[in-house]
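Trainee: Pasted the sequence and its predicted model underneath.
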Amino acid sequence: MIAATGEGSMSRFFGFISILVVVAAGAYIYMRQAQGVAGEGSVNPLARVETTGVKTDLLAIAQAERNHNALHGGYVSIDDLRNAGELTLSRSNRGQYTYSAEVSDTSFRIVATYGGPDPGMPKTISIDQSMQITQ
């Protein structure tokens, strides 16, 4: 009878250890992912919001470029998109980022360039006709 109780205690012990190992592995994975997100730039939450806003603006400009190309053939400057009423984004910057466009008849690249003091912020964030954002 005592041996049976000892075996039950031992299996519960190993079950408990197994749960601890799984929880520790999950916590490790979570922390690595959280560090990866925080490591993409500044740890300042407002700066993270600014970067997200810049990416949203770049997507809007790139979509306007694609629409212009579909209707008129070729790509144009950001100002030309605004003047044609194809881009409703009225600003040429967001926070410390300034927008510019590199265009040709067959491709475009919209670039947001950082001019602020935070060394953790991406210096450039860009998008091209593939709609892929890079930084």
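Mentor: Noted; the coordinates are in hand.
Trainee: domains of the protein?
Mentor: Here the domain parsing of the chain from automatic domain parsing is 1-38, 45-134.
Trainee: Can you get me the centre-to-centre distance for the longest one and its chain?
Mentor: Think domain 45-134. Mean-position distance between domain 45-134 and its chain equals 14 Å (Cα atoms, centre = their mean, to the nearest Å).
Trainee: Buried deepest among the domains of the chain, which one?
Mentor: domain 45-134 (a mean of 16; mean count of other Cβ atoms under 10 Å). Backbone N, C-alpha and C define where each C-beta goes, glycine included.
Trainee: Quick one: mean pLDDT over that one.
Mentor: The pLDDT scores in domain 45-134 average 93.
Trainee: now the spatially most central residue of the chain: how far from G95?
Mentor: Centroid-nearest residue in the chain, with Cα atoms, centre = their mean: T52, separated by 6.6 Å. Per Cβ to Cβ, to the nearest Å, T52 is found 11 Å from G95.
Trainee: So which elements touch the helix or strand containing the residue nearest to the centre of the chain?
Mentor: Assigning secondary structure by DSSP states H and E places T52 in helix 45-72. Judged by 3 or more Cβ pairs under 8 Å, 6 or more residues apart in numbering; DSSP states H and E, helix 45-72 is in contact with helix 78-83, strand 93-94, strand 97-103, strand 108-114, strand 124-128, strand 133-134.
Trainee: change it to 7 Å
Mentor: Packing partners of helix 45-72 (3 or more Cβ pairs under 7 Å, 6 or more residues apart in numbering; DSSP states H and E): helix 78-83, strand 93-94, strand 97-103, strand 108-114, strand 124-128.
Trainee: Turn these into JSON lines, including distance to L46.
Mentor: Shown next, in JSON lines, are the helices and strands packed on helix 45-72 (distance: least, Cβ to Cβ, whole Å):
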{"stretch": "helix 78-83", "distance to L46": "25"}
{"stretch": "strand 93-94", "distance to L46": "12"}
{"stretch": "strand 97-103", "distance to L46": "13"}
{"stretch": "strand 108-114", "distance to L46": "14"}
{"stretch": "strand 124-128", "distance to L46": "17"}
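Trainee: Indicate which one of those is closest to E65.
Mentor: Among the helices and strands packed on helix 45-72, strand 108-114 comes nearest to E65, with 4.9 Å by Cβ to Cβ.
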